[in-house]
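*Asks:* Structural data only, the sequence is not supplied:
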């Protein structure tokens, strides 16, 4: 079965939270602005970011805050969307181009979304 690409966006009826492309765009916009609180608003309180490239998992609001502060704000990371695939209603795979104080990298985020349209898990890795 061919995976479908997301070109538009839809809203979760229950909450109006952004999903699909709008959720990814909101995450990129917040992290590129180094708006940690804005980015945190897109996550559940018990969300997990498991980043193989740094060898750690970051759990809950404070863990996610640490991750965003250390790896986005600290390295002045700016992300650009390269591709996005929605594998089903609750899973999105994003490929990003990252630049910052570390240089240049590309990587993937496998994003799982809960029923309210909030990010509950990101599995991150660099290419």
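*Replies:* Yep, that arrived. Worth saying up front: this structure is predicted, and the values here are computed from it rather than measured.
*Asks:* what about the strands in this protein?
*Replies:* For the chain, the strands defined by DSSP state E occupy 4-5, 43-51, 56-59, 78-88, 91-100, 103-113, 119-126.
*Asks:* neighbours around residue 119, how many?
*Replies:* Number of residues near residue 119 (other CB atoms under 10 Å) recorded here: 25. For every residue, glycine as well, the C-beta is placed using N, CA and C.
*Asks:* isn't it right next to residue 42, touching?
*Replies:* Yes - at 5.4 Å, residue 119 counts as touching residue 42 under the criterion of CB atoms under 8 Å.
*Asks:* Return every residue with contacts to both of those two.
*Replies:* Listed as contacting both residue 119 and residue 42 by CB atoms under 8 Å, 6 or more residues apart in numbering are 23, 27.
*Asks:* about what we covered before: and the strands of the chain as a markdown table, adding distance to residue 30 and mean pLDDT?
*Replies:* Shown next, in a markdown table, are those (distance: least, CB to CB, whole Å; pLDDT from 0 to 100):
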| stretch | distance to residue 30 | mean pLDDT |
| --- | --- | --- |
| strand 4-5 | 23 | 35 |
| strand 43-51 | 11 | 97 |
| strand 56-59 | 16 | 96 |
| strand 78-88 | 10 | 95 |
| strand 91-100 | 14 | 97 |
| strand 103-113 | 14 | 97 |
| strand 119-126 | 11 | 97 |
